[in-house]
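A.B. asks: predicted model follows, preceded by the sequence.
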Amino acid sequence: MPASRSSSIDHYENFPVASWLCPPKLRPPIAAIYHFARTADDIADEGDASAEERLTDLAAYRADLLAVVQGHAHSARWAQVFGPLASQIKAFKLPLQPLDDLLSAFEQDVAKTRAKAAYADRAELLNYCRRSANPVGRLLLHLYGVSSREALAESDAICTALQLINFWQDLSVDIPRGRYYLPLAECAAHGIRMTDPGRQFPELRQNEKTTRLIAACAADARTMMLSGAPLVHRIPGRGGWELRAVVQGGLRILDKISAIGYATLSQRPTVGKSDAPVILWRMLRM
């Protein structure tokens, strides 16, 4: 299951990719999906291309996706992505919609950064998460043959929670890059006015108001993660244990955010090897 959107080295790092816990037969399709998403994310985020160039490249990338889904040849430009992906689409009958939703989210990243626009409210932010994070979870459920309505809803909750956790973890990194994920309506509800989110304005310095806002956002993400946690019992075998690691890793980041007093406008808390025993113990308790 992707999440971090802050830098090239953070792409989807909260989602184990073809790890040793994953059944061997599912490693090729998971790796193909990961490389599809990561490459598209690089197109949207990395390098010195203009917004127009990025959108043009993403349109060409989508054309290759549609080609392989329809059984046609892809271009030579991203052969290392669409060659393996075409094989896995055929072998596992991967659906188009989640893959296309990911591209839609990457296009929105370009547009939002270009306009230096903030999200109006929580609903708009969750709509972005629906396309930027949830599709990977749904693709993984497809691979595991799990399709119940309850499982899909729990997967969406976990994926969205992970995306939100990354946002609140990465505020000190994202804002200087023109990414504003704190919704304007939530800011206003905490007495924070953002009249021009395209500038570095003093309202986003760490203070009592922003601390309360980030704490509320973190609590919302925790509630959402816990609501999706029962999914670990619906995924068979080692996949269920991998999902336990994903859930507990996300919750551990929230612990770290809390431990620094929700001061993520000025620092970025991380989870390291020293947290592994806690995460493992919590996995076992699940």
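C.D. replies: Received it, and whenever you're ready, just let me know what you need.

A.B. asks: for the nearest residue to Ser148 once chain neighbours are set aside, list the residues it contacts.
C.D. replies: Leaving out its chain neighbours, the residue that sits closest to Ser148 by C-beta to C-beta, 6 or more residues apart in numbering is Arg234, at 7.3 Å. For the C-beta atoms, the positions are set from N, CA and C on the backbone; glycine is no exception. Taking C-beta atoms under 8 Å, 6 or more residues apart in numbering, we find Arg234 in contact with Val146, Ser148, Glu150, Ala151, Glu154, Gly240.

A.B. asks: dump these to CSV, plus neighbour count, secondary structure and pLDDT.
C.D. replies: Converted to CSV, the contacts of Arg234 look like this (neighbours: other C-beta atoms under 10 Å; DSSP: H, G, I helix; E, B strand; the rest coil; pLDDT from 0 to 100):
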residue, neighbour count, secondary structure, pLDDT
Val146, 19, coil, 95
Ser148, 10, coil, 96
Glu150, 11, helix, 97
Ala151, 20, helix, 97
Glu154, 24, helix, 98
Gly240, 17, helix, 91
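
A.B. asks: turn those residues into TSV, including distance to Val271.
C.D. replies: Supplementary listing: these in TSV, determined by distance: C-beta to C-beta, whole Å:
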residue	distance to Val271
Val146	27
Ser148	31
Glu150	29
Ala151	26
Glu154	22
Gly240	21
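
A.B. asks: Ile279: neighbour count?
C.D. replies: 17 (other C-beta atoms under 10 Å).

A.B. asks: Gly249 is in contact with that one, correct?
C.D. replies: Yes - the criterion here is C-beta atoms under 8 Å, and Ile279 meets it with Gly249 at 6.0 Å.

A.B. asks: may I have stretch 52-69 exported as PDB, CA atoms only?
C.D. replies: Extracted in PDB, the C-alpha atoms of stretch 52-69 (Å, rounded to 0.1, in the frame of the first residue of the first chain):
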ATOM      1  CA  GLU A  52       3.400  22.400 -18.800                       C
ATOM      2  CA  GLU A  53       6.200  20.000 -19.700                       C
ATOM      3  CA  ARG A  54       5.300  17.800 -16.700                       C
ATOM      4  CA  LEU A  55       1.600  17.700 -17.700                       C
ATOM      5  CA  THR A  56       2.600  16.800 -21.300                       C
ATOM      6  CA  ASP A  57       4.800  14.000 -20.000                       C
ATOM      7  CA  LEU A  58       2.100  12.700 -17.800                       C
ATOM      8  CA  ALA A  59      -0.300  12.700 -20.700                       C
ATOM      9  CA  ALA A  60       2.100  10.700 -22.700                       C
ATOM     10  CA  TYR A  61       2.600   8.300 -19.700                       C
ATOM     11  CA  ARG A  62      -1.200   7.800 -19.600                       C
ATOM     12  CA  ALA A  63      -1.300   7.100 -23.300                       C
ATOM     13  CA  ASP A  64       1.300   4.300 -22.700                       C
ATOM     14  CA  LEU A  65      -0.900   3.000 -19.800                       C
ATOM     15  CA  LEU A  66      -4.000   2.900 -22.000                       C
ATOM     16  CA  ALA A  67      -2.000   1.200 -24.700                       C
ATOM     17  CA  VAL A  68      -0.800  -1.700 -22.600                       C
ATOM     18  CA  VAL A  69      -4.200  -2.100 -20.900                       C
END
